[in-house]
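K.L.:
Show me how the following folds:
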Amino acid sequence: MNNLTVHTRETAPEKSKALLDNSIKAFGSVPSLHGVLAESPEALEAYQLLHKLFQATSFDAEELTVVWQTINVENNCHYCVPAHAAIAKMMKVDDALTAALRNRGPMPTPKLQALHDTTLSIVRNRGLISEAEVQSFYDAGYTSKQLLEIVLGLAQKIMSNYTNHLADTPLDERFAAFL
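P.N.:
Reported below is the predicted structural model:
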């Protein structure tokens, strides 16, 4: 049993309150994950920054979703899989792509398949992927910049996936429809 608290703005440490205000502006309320991370203002700030930076990468909405959900599904994150399905919906990503990721099915294009395969290999092999895998990623039209951007997305997802495992973070009602 853990003792991690899902904070509200009122119960959060003082240094987390402004960060939770950012969450409220973005989501309309404090997502449970952010409430858990609020226990450590530094962790919440780092997570929010990583999220912002990853969204600013060269990946489009589909590619962001492929990286996020590949990692979420592989890490069996009970919270992030439905949360990112909801985020994908908000970003107008096709539901078929989200379903394929959730069900470990094939991607709709060879390029997205290469992104999925590379992301999965990086996760499973802790970054120790073969030259052939890297070349296949490049042959699909990606660059070394994007290889590093996958690592950025992974850093964000490690924070959230592992926090959700430790806290058994309760799923927000708004994400429950995406189970």
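K.L.:
Below-threshold pLDDT in the chain: ranges please.
P.N.:
Under the criterion of pLDDT under 70, the regions of the chain flagged as low confidence span 1.
K.L.:
how about the helices of it, start to end?
P.N.:
For the chain, helices defined by DSSP state H occupy the ranges 14-27, 32-37, 41-55, 61-74, 80-90, 95-102, 110-124, 131-139, 144-167, 173-176.
K.L.:
Against which helices or strands is the second one packed?
P.N.:
Yep, that's helix 32-37 we're talking about. helix 14-27, helix 41-55, helix 144-167 (3 or more C-beta pairs under 8 Å, 6 or more residues apart in numbering; DSSP states H and E). Glycine gets a C-beta too; all of them are placed from N, C-alpha and C.
K.L.:
Val73 against Arg104, yeah?
P.N.:
Yes - at 6.6 Å, Val73 counts as touching Arg104 under the criterion of C-beta atoms under 8 Å.
K.L.:
quick one, what contacts Met159?
P.N.:
With contacts defined as C-beta atoms under 8 Å, 6 or more residues apart in numbering, Met159 is in contact with 37, 43, 46-47, 50.
K.L.:
Distance from stretch 171-179 to the middle of the chain?
P.N.:
Centre-to-centre, stretch 171-179 and its host chain are 15 Å apart (C-alpha atoms, centre = their mean, to the nearest Å).
K.L.:
follow-up on the earlier one: and the contacts of Met159 as JSON lines, adding distance to Phe137 and neighbour count?
P.N.:
JSON lines is the format used below for these (distance: C-beta to C-beta, whole Å; neighbours: other C-beta atoms under 10 Å):
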{"residue": "Leu37", "distance to Phe137": "31", "neighbour count": "30"}
{"residue": "Ala43", "distance to Phe137": "31", "neighbour count": "16"}
{"residue": "Ala46", "distance to Phe137": "27", "neighbour count": "15"}
{"residue": "Tyr47", "distance to Phe137": "26", "neighbour count": "21"}
{"residue": "Leu50", "distance to Phe137": "22", "neighbour count": "19"}
